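J.: Attaching a predicted model along with its sequence, questions to come.
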Amino acid sequence: MLSLQLKLRMAGTVTCLPFCCHYICYPPSAQGRKRPGKMFTSQAINNLIKFLKAGAIVQQHLDNITRGRQPYFLDQGPTRSSIQTFFIVTDKHALPCKSLYLDHDTGQAGSCMRVFSTLPFSSCNMGTCSHASRNDKSYWLSTTATVPCIPVGRTSIEDHISHCVVCEAPSSPVALHSQTSTLPDCPHGWRSLWTGYSFLMHTGAGDEGGGQSLTSSGSCLTDFRAQPFVECQGPRGTCHYFANIYSFWLTRVDCLASTSHGSSTSSNTLTEGRLQRLNVGCCNVCMKE
């Protein structure tokens with residue numbers, strides 16, 4: 001049924017200024033911890049804060065940076081006195097100090113887009129609209145295609161974006177989770193639509209993410225993958241499975257090595273796909289007949 005997931009990540013106002021200042025002002029130089037020379041206040045401000053006019057493409061700014069440059073703030077807005085977006089620029093990446101995250105439940109019809117785009121939205125403000133001019137991203141439920149080593153673009157993206165269909169049903173489907181290797185049975189008078197693995201929540205770039213209601217059909221994915229979604233970057237027009245995005249799944253409680261009271265759990269790391277799949281709880285999506 002519904003398998004395509006769209007998440008819009010939009011840069012917003014700054015909230016991490018004290019932490020960012022500490023991070024930017026104190027990293028060691030490439031030559032080690034040398035005593036810095038004297039610098040005028042205006043020079044320090046110019047090194048620490050850069051301005052980018054609203055509508056300019058952040059990625060073009062990043063492409064012009066020389067490697068090894070110290071981190072700095074990138075402020076973007078119509079004027080220097082009216083800043084709309086803040087970034088920390090480090091290692092040729094722009095990290096938003098705060099992000100606005102719109103999360104769609106994959107069990108709802110709104111998660112199924114008729115046309116795919118790496119950035120299917122524009123940002124509008126003060127009578128102007130901009131597209132792919134900020135560090136915006138979208139996230140899509142991926143397929144079982146082999147994870148590439150580099151970002152993919154153009155026609156190659158199609159192999160990694162899951163398809164979907166919106167259907168009319170006599171009643172709303174409900175997901176049941178067993179947290180074991182045994183599939184949960186549908187209640188009497190209900191029939192099974194599909195079975196799968198219990199998907200709980202995810203994180204994207206930065207410190208934000210989203211989750212699925214465990215009653216939603218979107219929380220029961222037919223296949224388990226450590227990275228069930230792909231991040232697409234609008235300015236670049238590419239998609240990739242980045243290492244800083246995480247998925248969270250309901251674990252089989254019968255696999256956990258815990259005490260008799262269940263008060264503690266031993267830690268372990270699974271690297272083999274088969275063992276990872278065996279460690280995830282099973283689910284069943286049921287609909288009343």
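T.: Perfect, I can see it now. Residues are numbered from 1 along each chain as shown.
J.: drop to CA atoms for contacts and neighbour counts, all remaining ones
T.: Noted.
J.: Not counting sequence-adjacent ones, nearest residue to Q227?
T.: S247 (6.3 Å; C-alpha to C-alpha, 6 or more residues apart in numbering).
J.: element containing the one you found?
T.: In this assignment (DSSP states H and E), S247 forms part of strand 246-249.
J.: tell me which residues of that strand are tucked away?
T.: Y246, S247, W249 (16 or more other C-alpha atoms under 10 Å).
J.: Contacts for it, please.
T.: Outside strand 246-249, the residues that touch it by C-alpha atoms under 8 Å, 6 or more residues apart in numbering are 197-204, 226-228, 280-281.
J.: Tell me the strands beside it, with direction?
T.: strand 190-203 (antiparallel) (DSSP bridges).
J.: And the partner strand, what's buried?
T.: R191, S192, T195, G196, Y197, S198, F199, L200, M201, H202.
J.: next one: phi and psi at Q60?
T.: Per-residue torsions, Q60: phi -60, psi -40 (degrees, to the nearest 10).
J.: Please apply the same query to the one 3 residues further on.
T.: Here the main-chain torsion angles of D63 (degrees, to the nearest 10) amount to phi -70, psi -20.
J.: residue ranges with poor pLDDT in the stretch 151-289 of the chain?
T.: 204-209, 255-266 (pLDDT under 70).
J.: again, 90 this time
T.: 151, 153-156, 158, 167-170, 180-182, 200-213, 225-238, 240-247, 251-279, 289 (pLDDT under 90).
J.: partners of whichever strand or helix holds A94 in the sheet?
T.: Per DSSP H and E, A94 falls inside strand 93-96. Strand 93-96 sits in its sheet next to strand 85-90 (antiparallel), going by DSSP bridges.
J.: Let me know the average pLDDT across the strand it pairs with.
T.: Strand 85-90 shows an average pLDDT of 78 in the prediction.
J.: and it, how far from the chain's centre?
T.: From the chain centre to the centre of strand 85-90 is a distance of 18 Å (C-alpha atoms, centre = their mean, to the nearest Å).
J.: Quick check: buried residues in that strand?
T.: For strand 85-90, by 16+ other C-alpha under 10 Å, it's T85, F86, F87, I88, V89, T90.
J.: so how far is G55 from T195?
T.: Noted for T195: a distance of 46 Å to G55, by C-alpha to C-alpha, to the nearest Å.
J.: ugh, wrong one, H131
T.: Noted for H131: a distance of 8 Å to G55, by C-alpha to C-alpha.
J.: Run through the helices of this structure in chain order.
T.: Remark: helices assigned in the chain by DSSP state H are 17-25, 41-48, 58-63, 273-278.
J.: Lowest average confidence across those helices, which one?
T.: Minimum mean pLDDT among the helices of the chain: helix 17-25, a mean of 43.
J.: burial of the residue nearest to F51 when sequence neighbours are not counted, as a residue count?
T.: Nearest residue to F51, sequence neighbours excluded (C-alpha to C-alpha, 6+ apart): D75, at 4.8 Å. Around D75 there are 21 other residues, counting by other C-alpha atoms under 10 Å.
J.: Tabulate the buried residues of strand 190-203 (JSON lines), appending distance to S156.
T.: Converted to JSON lines, these look like this (distance: C-alpha to C-alpha, whole Å):
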{"residue": "R191", "distance to S156": "38"}
{"residue": "S192", "distance to S156": "34"}
{"residue": "T195", "distance to S156": "29"}
{"residue": "G196", "distance to S156": "27"}
{"residue": "Y197", "distance to S156": "27"}
{"residue": "S198", "distance to S156": "29"}
{"residue": "F199", "distance to S156": "26"}
{"residue": "L200", "distance to S156": "29"}
{"residue": "M201", "distance to S156": "27"}
{"residue": "H202", "distance to S156": "24"}
